[in-house]
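Engineer: model the structure of this input:
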Amino acid sequence: MQEAAPRLKGLVEQLLGVPLPLRVRAWDGSEAGPPKAPVLVVHNRRALRRLLWKPGELGLARAWVSGDLGIEGDLYAALDALSGLVWERGEDARGLGAALRDPEVRAAVRGLVGMAGPPLPPAPPAEEVRRRSHLHTRRTDRRAVSHHYDVGNDFYGIVLGPSMVYSCAYWERGGTLEEAQRDKLELVCRKLALKPGRRLLDVGCGWGSMAVHAARDHGAYVVGVTLSREQAAYARKRVADEGLADRVEIRVQDYRDVTDGPYDAISSIGMAEHVGAERFLEYAEALGGLLVPGGRLLNHQIARRPQRDESSYAVDAFIDAYVFPDGELAPLGTTVAQLERAGFEVRDVEALREHYALTLRRWVANLEAGWSRAVRLTGVGRARVWRLYMAASAVAFERNQIGVNQVLAVRTRGGSGSSGMPLRARTWN
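Structural biologist: Alright, predicted model coming up:
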C-alpha cells in the first residue's frame, strides 16, 4: 500500500490544481515534497476529517488548535506559502460547487475521504467560541472582551513584555520592544497635544500604559475605560504604584456610558476594530460629543483592503471563533468617511503597517520563549491559538492584506472653522 504522505500530497495537489510548496509528513512517518521546505505535519487522520467537514480556514484552525496538524521549520515561511496558495487565489480560485464538477477534483475528494477514516465529524476544540450575530450590544461586547482579554494578565505579560501594550509599536529608532512601545505612546501624546492639566479619555485603555504615560510624562488628567475587569485591576495597581492616583482614573465602563465630558483629547488605540460597522458612526458621534471644540481624537485602527463588492465581506472565521468574537475590520476610506460624517475634520493619516508586522514577530518570539509557562497558565490549545494568530497576522501585514493607521481628527470650533492645528504638517504641538 502506498505510503500516506506521497498519496496525501498528490491528492491535495490534484484538488488545488497547483504544486504544494510545503513538505508533508503523515501519521505513518512517511514524507513527501520539497526537501528544504517547512514541514506540514499531519499527526493523524482526524486532521483530514476536520478539513473535509469544514474546508478552508476554520477546518485548518481546528486541526491546528487541537494538535492534529503542526508545522516544523520556519512558521512564517509556511504561513506565507499557505497564504499565497489558499487565501490569495482571488477571483481565479474555483468555488467548491464549480470545482466539484471537475472529475479530477471529485476523484481527489473521494481519495481524501478514503484516507480520513470514519466519516463522523470531530468535535471542535474547547477553545472555539460559538458564533454569534454581530449585534455589538453592551452585553455581547462585554462577553467578547472577556473572552479575549480575561485570559490572565500573567499570560499577556509573557507575550507583550514589560510595556503591556497590546497594539503595534513604533519602530522609529529600532531598539527593544519596550522602547518602540514607549515611542508609540509618545507619538500619540504629541499628536494629541497633551499638556499639563488637559483631560484625556483613553477608550479601551488596556493595562493602563497610555494613561500612565500621558499623566506621568505630559501632566494630563486621564480617564481610562475598559470592559475587562482583569485589565482594570492591573491598570489600577499600576497607577497606584506610579503615584498617579490623583491624575488617573480607571473604570470598567462602556464608552457609550461615559458622560463626564468635555475632554481635551481622546485616544482610541486598537479598540475601534471591535465596535462593528453598524455601530461605528455611533462610536464616532459619541466621542465627538465628549470633546471640547478644537479637541483631538487619535483613532489607531487595523484596516482591511476594500472589496469590489463590500456586501460580500465576511468576518475572519478563525479570529471570530478563537481570538476575538464579533471583531470587524473596515477599509481605511470607510473609517475616514464615518469620522467626517460624525463631524470630525481628519487632519492626518499615518500608516504603520510594517510596524505591526515587526511588533507581532516580537510577540511571537516572547510567546515561544515562555512557551512552557504560557501552557501552564492557559492550556496548550489557547497557547497554540495565540501563536498561530500572531504569526499569521504578521504575514498578513507583510503581504499588505491588512494595514493599521493612526487617524488624527479634530472637532473644529463651530462656525469659525478653526482647528487649532499647526500650519506645518507633522508638527505635533
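Engineer: what's the longest strand in this structure?
Structural biologist: Longest strand of the chain, by residue count under DSSP state E: strand 291-304.
Engineer: can you show me the strands along the protein?
Structural biologist: 23-25, 31-32, 39-42, 69-72, 199-203, 221-226, 248-252, 263-269, 291-304, 345-351, 402-410.
Engineer: if you compare the ones you listed, which one is most tucked away?
Structural biologist: strand 199-203 (a mean of 26; mean count of other C-beta atoms under 10 Å). For glycine as for every other residue, the C-beta is placed from the backbone atoms N, C-alpha and C.
Engineer: helices of the stretch 101-250 of the chain, start to end?
Structural biologist: Using DSSP state H, counting those that start in this stretch, the helices of the stretch 101-250 of the chain run over residues 103-116, 138-149, 153-160, 177-191, 209-218, 229-241.
Engineer: check which helices and strands the shortest one sits against.
Structural biologist: Identification of packing neighbours for helix 153-160 by 3 or more C-beta pairs under 8 Å, 6 or more residues apart in numbering; DSSP states H and E yields helix 229-241, helix 353-369, helix 371-378.
Engineer: so what touches it?
Structural biologist: Helix 153-160 is contacted from outside by 149, 164, 166, 207, 230-231, 233-234, 363, 366-367, 370, 373-374, 377-378, 386, 390, using C-beta atoms under 8 Å, 6 or more residues apart in numbering.
Engineer: can you pull the buried residues of it?
Structural biologist: Across helix 153-160, burial judged by 16 or more other C-beta atoms under 10 Å covers 153, 155, 156, 157, 158, 159, 160.
Engineer: burial check on residue 278, number of neighbours?
Structural biologist: For residue 278, the count of nearby residues is 11 (other C-beta atoms under 10 Å).
Engineer: what sits against the closest residue to residue 72 other than its chain neighbours?
Structural biologist: Leaving out its chain neighbours, the residue that sits closest to residue 72 by C-beta to C-beta, 6 or more residues apart in numbering is residue 39, at 4.2 Å. When contacts are counted by C-beta under 8 Å, 6+ apart, residue 39 touches 22, 23, 24, 25, 31, 71, 72, 73.
Engineer: longest single helix anywhere in the chain?
Structural biologist: Counting by DSSP state H, the longest helix found in the chain is helix 380-398.
Engineer: and the angle from that helix to strand 402-410?
Structural biologist: 70 degrees (axes from the mean of the first three to the mean of the last three C-alpha atoms, to 10 degrees).
Engineer: just the CA atoms of helix 380-398, as PDB, please.
Structural biologist: Extracted in PDB, the C-alpha atoms of helix 380-398 (Å, rounded to 0.1, in the frame of the first residue of the first chain):
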ATOM      1  CA  VAL A 380      -1.800  24.200  25.200                       C
ATOM      2  CA  GLY A 381      -4.900  24.800  23.000                       C
ATOM      3  CA  ARG A 382      -5.100  28.500  23.900                       C
ATOM      4  CA  ALA A 383      -1.300  28.900  23.500                       C
ATOM      5  CA  ARG A 384      -1.500  27.400  20.000                       C
ATOM      6  CA  VAL A 385      -4.300  29.800  19.100                       C
ATOM      7  CA  TRP A 386      -2.200  32.800  20.000                       C
ATOM      8  CA  ARG A 387       0.900  31.500  18.300                       C
ATOM      9  CA  LEU A 388      -1.000  31.000  15.000                       C
ATOM     10  CA  TYR A 389      -3.000  34.200  15.300                       C
ATOM     11  CA  MET A 390       0.000  36.400  15.800                       C
ATOM     12  CA  ALA A 391       2.300  34.700  13.300                       C
ATOM     13  CA  ALA A 392      -0.500  34.700  10.600                       C
ATOM     14  CA  SER A 393      -1.200  38.300  11.400                       C
ATOM     15  CA  ALA A 394       2.400  39.200  10.900                       C
ATOM     16  CA  VAL A 395       2.400  37.600   7.500                       C
ATOM     17  CA  ALA A 396      -0.900  39.400   6.600                       C
ATOM     18  CA  PHE A 397       0.600  42.800   7.400                       C
ATOM     19  CA  GLU A 398       3.800  41.900   5.500                       C
END
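Engineer: now the buried residues of helix 153-160 as a markdown table including pLDDT and distance to residue 52?
Structural biologist: Below are these laid out as a markdown table (pLDDT from 0 to 100; distance: C-beta to C-beta, whole Å):
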| residue | pLDDT | distance to residue 52 |
| --- | --- | --- |
| 153 | 93 | 39 |
| 155 | 95 | 33 |
| 156 | 95 | 36 |
| 157 | 96 | 39 |
| 158 | 97 | 35 |
| 159 | 97 | 33 |
| 160 | 97 | 37 |
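Engineer: could you dump the residues you listed into a markdown table and include distance to residue 307?
Structural biologist: Converted to a markdown table, the buried residues of helix 153-160 look like this (distance: C-beta to C-beta, whole Å):
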| residue | distance to residue 307 |
| --- | --- |
| 153 | 37 |
| 155 | 34 |
| 156 | 33 |
| 157 | 37 |
| 158 | 36 |
| 159 | 31 |
| 160 | 32 |
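Engineer: pick the one among these closest to residue 124.
Structural biologist: The shortest approach to residue 124 among the buried residues of helix 153-160 belongs to residue 155, at 21.9 Å (C-beta to C-beta).
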